[in-house]
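Enquirer: Provided below are the primary sequence and the corresponding predicted coordinates.
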Amino acid sequence: SQTIHQWPATLVQPVGSPLSLECTVEGTSNPNLYWYRQAAGRGLQLLFYSVGIGQISSEVPQNLSASRPQDRQFILSSKKLLLSDSGFYLCAWSFEQINEKLFFGSGTQLSVL
Amino acid sequence: QKEVEQNSGPLSVPEGAIASLNCTYSDRVSQSFFWYRQYSGKSPELIMSIYSNGDKEDGRFTAQLNKASQYVSLLIRDSQPSDSATYLCAVTGFQKLVFGTGTRLLVSP
């Protein structure tokens, strides 16, 4: 069976500090990978998605970036965090070329102070 | 017009009642529809998928799809306090799912 791991679970960072969130998927090959952000009381905002190694599509202009160095690894980064980057970050995966149902990781609660 | 619309709620129902959650979408070519449950502070969990018009039942959950009306709903029978959560409707778009903002359901004992 497939599993998705996301860490850390919580993170408190000062404004201007860097960020690196990591996500890995096990039990499947060539998954589509996604990063979402959910601000308090708000809906899910798609940040990035990837259909293969090195292939990243950005949905929203921002100071965040994503990378996919390996087939089942997806990384969300920032060089300098802003207060507005606070939120609940969710990594998700879906099967390649199927119906795009998503399976989410456990999420990272990021507080930028 | 939002791509996927849901009433934010809260929808309050007593224990044992039927909870009815609704969702409308704007993209007529959408083919797949999903309901996710999200407890406070947790990640969304897939509970139902539906791909064709009509009803699909899974335990206490029934998903209903009407593509002509661009409408999908989720019925929860015999609602339990543990069903209290936010329910997210999701609809396939181009290479991604589009989520509604969710309906908060409160089931009172």
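Expert: Yes, it's here. Since we're looking at a predicted model, the values are computed, not measured.
Enquirer: skipping adjacent residues, who's closest to residue B:64 in space?
Expert: If you skip the residues right next to it in sequence, residue B:64 has residue B:73 as its closest partner in space, 4.6 Å away by C-beta to C-beta, 6 or more residues apart in numbering or on different chains. C-beta coordinates here come from the backbone N, C-alpha and C atoms, glycine included.
Enquirer: wasn't the one you found part of a strand?
Expert: Yes: when DSSP: H, G, I helix; E, B strand; the rest coil is applied, residue B:73 is found to be in a strand.
Enquirer: what's around it, how many residues?
Expert: Neighbourhood size, residue B:73 [other C-beta atoms under 10 Å in any protein chain shown]: 18.
Enquirer: pretty sure it contacts residue B:21?
Expert: Yes: here residue B:73 reaches residue B:21: they are 6.3 Å apart, a contact under C-beta atoms under 8 Å.
Enquirer: quick one: contacts for the one residue in chain B that gets nearest to chain A?
Expert: At 3.7 Å from chain A, residue B:101 is the closest residue in chain B, using C-beta to the nearest C-beta. By C-beta atoms under 8 Å, 6 or more residues apart in numbering or on different chains, the residues touching residue B:101 are A:42-43, B:6, B:8, B:88.
Enquirer: which stretches of chain B have low pLDDT?
Expert: Within chain B, the stretches with pLDDT under 70 are B:1-2, B:95.
Enquirer: please list the residues of it that sit near chain A.
Expert: With C-beta under 8 Å from any C-beta of the partner chain as the criterion, chain B meets chain A at residues B:31-32, B:34, B:41-46, B:49, B:51, B:88, B:90, B:92, B:95-97, B:99-102.
Enquirer: so which of these are in helices?
Expert: Among the residues of chain B next to chain A, no member falls in helices (DSSP state H).
Enquirer: and the closest residue to residue A:18 other than its chain neighbours, how close does it get to residue A:68?
Expert: In space, not counting the residues next to it along the chain, residue A:18 is nearest to residue A:79; the distance is 5.7 Å by C-beta to C-beta, 6+ apart. Separation of residue A:79 from residue A:68 (C-beta to C-beta, to the nearest Å): 18 Å.
Enquirer: which of the two has more residues huddled nearby?
Expert: residue A:68 (20 against 11).
Enquirer: touching chain B at all, the strand or helix carrying that one?
Expert: Secondary structure from DSSP states H and E places residue A:68 in strand A:64-70. No: applying C-beta under 8 Å from any C-beta, one finds strand A:64-70 separated from chain B by no less than 14.0 Å.
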